[in-house]
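Undergrad: I would like to see how this sequence folds:
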Amino acid sequence: MDDTELFGLVVRLDSTRGQQLLQDVRDTTSTNSVICESMLTAFVHQEHPCTCAVASTVICFNSLYQADDLRRRYRGQLKPRCSEGDVFRTDCTANEEVIKRRGMVLEELLVLCESLGLQPHIWTCDSSTAAEQSKEKTTYLSHKTITSTSEFRELIKEVFSQVHARLIVNYYMPALKTSFPFGHFSPLAAYHEADDRVLLLDVYRESFVGWVKIDDLYCSMDTVDSDSNLKRGCLMIQIL
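TA: You can find the predicted model right below:
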């Protein structure tokens, strides 16, 4: 693979190899391909430096919005294609100025998604022995622990087999060997099983959308968020 096709450990979607992987997904008639098309159509960049979590939620919401339940629930409240501003105006629990200044942590994103009528579930990534031993001892029902790449892969397969489910990942960008020194949120759009990669819709305007190995992505999530002092992970969004 030519180095120009890579952005750190990510195969850029706009590269020849990236387009080949996308075409492979499109050539299937699976739920995976349906989700991929709706997520690509819904894709937007974050509007502010620290609103990656909100932008990721907007993409997932707009991708799911075609479902009748969401159309009925938000008629007159959110536009058919909502924006970050629409989310802030609808969700009175989100402190817009604080989020624009410092961003969000996973549990704050869970609360925001719940306020939008979605059903979110948190998985933190922790491969330590202690995490494996205590994985059944979670503090609340929506919080689980993924202790290995294989468990993360199974979650990926589960999400991309459900038309009404989406996944947002919270990861440390330097672990993917990019030049951006901070944690980040972005949604996943597709799973390429043969290449063991997922399509990461990076919402940061100076970055690239692309395909990342599941093992590399898991390692970037198995890191500590300095704002919460907890491990990063992912958030699955479903329609209630």
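
Undergrad: what's near enough to touch the nearest residue to Tyr191 once chain neighbours are set aside?
TA: Leaving aside its chain neighbours, Tyr191 sits nearest to Phe160 (4.5 Å; criterion: CB to CB, 6 or more residues apart in numbering). C-beta: built from backbone N, CA, C; applies to glycine. Phe160 sits next to Ser30, Thr31, Asn32, Ile35, Ala190, Tyr191 when contact means CB atoms under 8 Å, 6 or more residues apart in numbering.

Undergrad: and which of those is nearest Glu5?
TA: Nearest to Glu5, judged by CB to CB, of the contacts of Phe160 is Ala190 at 17.5 Å.

Undergrad: pretty sure the closest one is in contact with Asn32, am I right?
TA: Yes - contact criterion CB atoms under 8 Å: Ala190 and Asn32 qualify, at 5.9 Å.

Undergrad: what sits in contact with each of the two?
TA: Contacts common to Ala190 and Asn32, judged by CB under 8 Å, 6+ apart, are Val25, Phe160.

Undergrad: quick one, which of these two is more surrounded?
TA: Ala190 (26 against 22; other CB atoms under 10 Å).

Undergrad: Just the mean pLDDT for the helix or strand containing that one, thanks.
TA: Per DSSP states H and E: Ala190 is located in strand 183-192. The predicted model assigns strand 183-192 a mean pLDDT of 98.

Undergrad: so what does it touch, helix or strand wise?
TA: helix 16-26, helix 31-42, helix 52-64, helix 149-159, strand 165-172, strand 197-200 (3 or more CB pairs under 8 Å, 6 or more residues apart in numbering; DSSP states H and E).

Undergrad: repeat that for 6 Å
TA: helix 31-42, helix 52-64, strand 165-172, strand 197-200 (3 or more CB pairs under 6 Å, 6 or more residues apart in numbering; DSSP states H and E).
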